[in-house]
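In: Just need the structure, nothing else, for what follows:
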Amino acid sequence: METHPPGIPPASAPLLQVDGVTLAFGGVKALTGVGFGVQAGSITAVIGPNGAGKTSLFNTISGFYRPASGAIRFKGQDITRVPAPQRARLGLGRSFQNIALFRGMTVLDNIKLGRHAHLKTNVLDALLYIGRARREEAALRAEIEERIIDFLEIDHIRHAPVSALPYGLQKRVEMARALAMQPEVLMLDEPVAGMNREETEDMARFILDVRAEWGVTVLMVEHDMGMVMDLSDHVVVLNFGQVIAQGTPAEVQANPEVVRAYLGAGNVGDLRARFQAGSATAVQGAAA
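Out: Okay, here's the model as predicted:
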């Protein structure tokens, strides 16, 4: 019988596995028996109508909520009861639907906060800012400036306070802070919500590049169906807290349950037109 080292899944196993997760708030079920896998190196999207449970699912995966039943497995390890900070150290980094940056701090300082879970400096070192603390901070700053800030093309705003930035750039800084966590799985909660077409195309390009150049697996919740269908390898559809369909973008577009969930009535052609609206040119813009 073939065996694998503890904590290392078989090559064909999902990097991240959600297995029969149920989440309830009092008597109200936000998620019921949700299950799907995220393969290493993929871009997986979770979609669904408003109130379908998408952000509740993200909060459960990242450790902010604890499910009533079911399990979350990362690299073969059950992390269902692992606290959120430890999940970040294991390799789960995320952004938030509503921007959660410190508005009075600079872009650079906000991004540096994303690495706090990995820092080795103790409280005394940090207070005195000598020795290891000074060296670690200098190395962190250099890495962020040379890698993350250049990658996301925000060098010109690195010393600006977040409060002075337009919304689209704030969303980019939020992604930068998530990348500073050194994630193996980057969880993006509505990364292009509220963006114009140019900003959406830029973000689509960064998502494709972080997978291609950094080898980071991407799990995203997104309402922009054009972007979802253009970028994703696998799509999971939630409705009323349950998975009603999953598969390739083409398979999901043709699924009658998905049509009913989004439109209530209509046909597959109507849904496909809706999916292709908006940022259907996202990949074309990313390749430009």
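
In: From residue 182, how far out is residue 256?
Out: 42 Å (C-beta to C-beta, to the nearest Å). Every C-beta, even on glycine, is put in place using the N, C-alpha and C of the backbone.

In: These two - which one has more neighbours?
Out: residue 182 (17 against 12; other C-beta atoms under 10 Å).

In: Report whether the more buried one is found in a helix, as I expect.
Out: No - applying DSSP: H, G, I helix; E, B strand; the rest coil, one finds residue 182 to be coil, outside a helix.

In: Return the per-residue confidence for it.
Out: With respect to pLDDT, residue 182 has a value of 88.

In: thinking it is in contact with residue 93, fair?
Out: Yes - counting by C-beta atoms under 8 Å, residue 93 is a contact partner of residue 182 at 7.3 Å.

In: list the residues that contact both of those two?
Out: Here residue 182 and residue 93 have no joint contacts, going by C-beta atoms under 8 Å, 6 or more residues apart in numbering.

In: so where's the chain uncertain?
Out: Flagging of the chain using pLDDT under 70 yields the residue ranges 1-11, 98, 100, 115-141, 263-288.

In: tell me the centre residue of it?
Out: residue 187 (1.5 Å; C-alpha atoms, centre = their mean).

In: phi, psi of that one?
Out: With angles defined as degrees, to the nearest 10, residue 187 sits at phi -100, psi 120.

In: you'd agree it is up against residue 61?
Out: Yes - counting by C-beta under 8 Å, residue 187 touches residue 61, with 6.8 Å between them.

In: and for these two, which residues touch both?
Out: Joint contacts of residue 187 and residue 61 (C-beta under 8 Å, 6+ apart) are 92, 219.

In: how about the strands in the stretch 1-150 of the chain?
Out: Counting by DSSP state E, counting those that start in this stretch, the segments of the stretch 1-150 of the chain that form strands are 16-25, 28-38, 43-47, 69-74, 77-78, 92-94.

In: Residues contacting the helix or strand containing residue 169, please?
Out: Using DSSP states H and E, residue 169 sits in helix 167-179. The contact list for helix 167-179 (C-beta under 8 Å, 6+ apart) reads 93-96, 99-101, 107, 110-111, 113-114, 144, 148-149, 151-152, 154, 157, 162, 165, 186-188, 191-196, 199, 202-203, 206, 210, 214, 216.

In: how does it look with 6 Å?
Out: Outside helix 167-179, the residues that touch it by C-beta atoms under 6 Å, 6 or more residues apart in numbering are 93-95, 99, 107, 110-111, 114, 148, 152, 154, 186, 194-195, 199.

In: Flag every buried residue along it.
Out: 168-179 (16 or more other C-beta atoms under 10 Å).

In: which residues does residue 149 contact?
Out: Per C-beta under 6 Å, 6+ apart, neighbours of residue 149: 155, 158.

In: picking up where we left off before, which one of the buried residues of helix 167-179 is nearest residue 88?
Out: When the buried residues of helix 167-179 are ranked by distance to residue 88 (C-beta to C-beta), residue 178 comes first, at 9.5 Å.

In: ok, now how distant is that closest one from residue 260?
Out: Taken as C-beta to C-beta, the span from residue 178 to residue 260 is 34 Å.

In: And for residue 164?
Out: In terms of C-beta to C-beta, residue 164 sits 45 Å off from residue 260.

In: Then residue 191?
Out: For residue 191, the distance to residue 260 - C-beta to C-beta - is 27 Å.

In: the more surrounded of these two?
Out: residue 191 (26 against 14).

In: wait, that one sits on residue 205?
Out: No - with contact defined as C-beta atoms under 6 Å, residue 191 does not count as touching residue 205 (11.8 Å).

In: okay, the angle between the helix or strand residue 243 falls within and strand 28-38?
Out: Using DSSP H and E, residue 243 maps to strand 242-247. Between strand 242-247 and strand 28-38, the angle comes out at 20 degrees (axes from the mean of the first three to the mean of the last three C-alpha atoms, to 10 degrees).

In: In the helix or strand just after strand 242-247, which residues are buried?
Out: The first helix or strand that comes after strand 242-247 along the chain, using DSSP H and E, is helix 249-253. Of the residues in helix 249-253, 249, 252-253 count as buried by neighbour count, 16+ other C-beta under 10 Å.

In: just those now: which is nearest residue 50?
Out: Nearest member of the buried residues of helix 249-253 to residue 50, counting by C-beta to C-beta, is residue 252, at 17.9 Å.

In: That closest one - nearest residue in space that isn't next to it in sequence?
Out: residue 235 (4.5 Å; C-beta to C-beta, 6 or more residues apart in numbering).
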